[in-house]
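> No sequence on hand, only this structure:
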């Protein structure tokens, strides 16, 4: 079912109340609306609600929705700027197409991915993804590997803004130790951004120092069929 701008306004207000209840503030915690698995109407509804940060995990979806969003506001002088966040694992063969659209790359977890981004989008803003749970199905470098990767990416001229993580499968509280460790590592490395927390565990993430939460279902409702994921 398509979601409307007014519905997203109401749901966004609920998300922000959840953030505030967990000790965060709108200035300190950015909400990225994850439109993955939803149609273009979700992007339009988010834009109508004043959301400016949009997230996708697949290159084709991001490019298609970005083009539609651009067309929708063409000629609108006061249209709010949109920032696209790429949340998926960075595939080198997709970087060239995405380079001119992505504002922040969340899933950089290896040197090869960083090298491709640096070649296609010099100085791009990136986050290093850390696998905080050790689950094989989740992307991310290890905690011990992160400092070296951060240094390597900086030497490539990339703007390393912070660290990113996906919580473990299971109850939200399971994510707390990993989120706490990630926040401490970010602080030690002098990184200001911690992208952690989604629809189900955003309170735990905010309590442990998240500066970016990535939410989809909380804004747009349940995804259908194979597209149902935790965000």
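Looks like it came in fine. Note that this is a predicted model, so its numbers are computed, not measured. Numbers count the residues shown, from 1 in each chain.
> residue boundaries of the helices in this structure?
For the chain, applying DSSP state H gives helices covering 5-21, 40-48, 59-73, 92-98, 111-120, 146-155, 176-188, 202-207, 217-220.
> Out of those, which gets nearest to residue 163?
Among these, helix 176-188 comes nearest to residue 163, with 4.7 Å by Cβ to Cβ. Every C-beta, even on glycine, is put in place using the N, C-alpha and C of the backbone.
> Name the residues of the closest one that come out as buried.
Buried residues in helix 176-188, counted by 16 or more other Cβ atoms under 10 Å: 178-180, 182-183, 185-186.
> could you give the angle of that helix to helix 146-155?
40 degrees (axes from the mean of the first three to the mean of the last three Cα atoms, to 10 degrees).
> just to revisit the earlier point, would TSV of the helices of the chain with mean pLDDT and distance to residue 130 be doable?
Shown next, in TSV, are the helices of the chain (pLDDT from 0 to 100; distance: least, Cβ to Cβ, whole Å):
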stretch	mean pLDDT	distance to residue 130
helix 5-21	94	22
helix 40-48	88	27
helix 59-73	87	22
helix 92-98	92	20
helix 111-120	97	14
helix 146-155	98	5
helix 176-188	98	6
helix 202-207	97	14
helix 217-220	94	23
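> Could you take those and lay them out as TSV, with extra columns for distance to residue 138?
Compiled in TSV, the helices of the chain are given as follows (distance: least, Cβ to Cβ, whole Å):
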stretch	distance to residue 138
helix 5-21	24
helix 40-48	25
helix 59-73	20
helix 92-98	19
helix 111-120	16
helix 146-155	15
helix 176-188	11
helix 202-207	15
helix 217-220	19
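> nearest to residue 137, of these?
The nearest among the helices of the chain, by Cβ to Cβ, is helix 176-188 at 15.2 Å.
> okay, now the residue lying closest to residue 159 once chain neighbours are set aside: neighbour count?
What sits nearest to residue 159 in space, not counting adjacent residues and going by Cβ to Cβ, 6 or more residues apart in numbering, is residue 125, at 4.5 Å. Residues near residue 125, counting by other Cβ atoms under 10 Å, number 18.
> cool, and the one 4 residues further on?
Burial of residue 129, expressed as a neighbour count using other Cβ under 10 Å, amounts to 28.
> still on that earlier bit, so the residue nearest to residue 159 sits right up against residue 117, yeah?
No - counting by Cβ atoms under 8 Å, residue 125 does not reach residue 117; the two are 9.8 Å apart.
> so what sits against both of those two?
Residues touching both residue 125 and residue 117 by Cβ atoms under 8 Å, 6 or more residues apart in numbering: 105, 158.
> Tell me the spacing between the residue nearest to residue 159 and residue 92.
18 Å (Cβ to Cβ, to the nearest Å).
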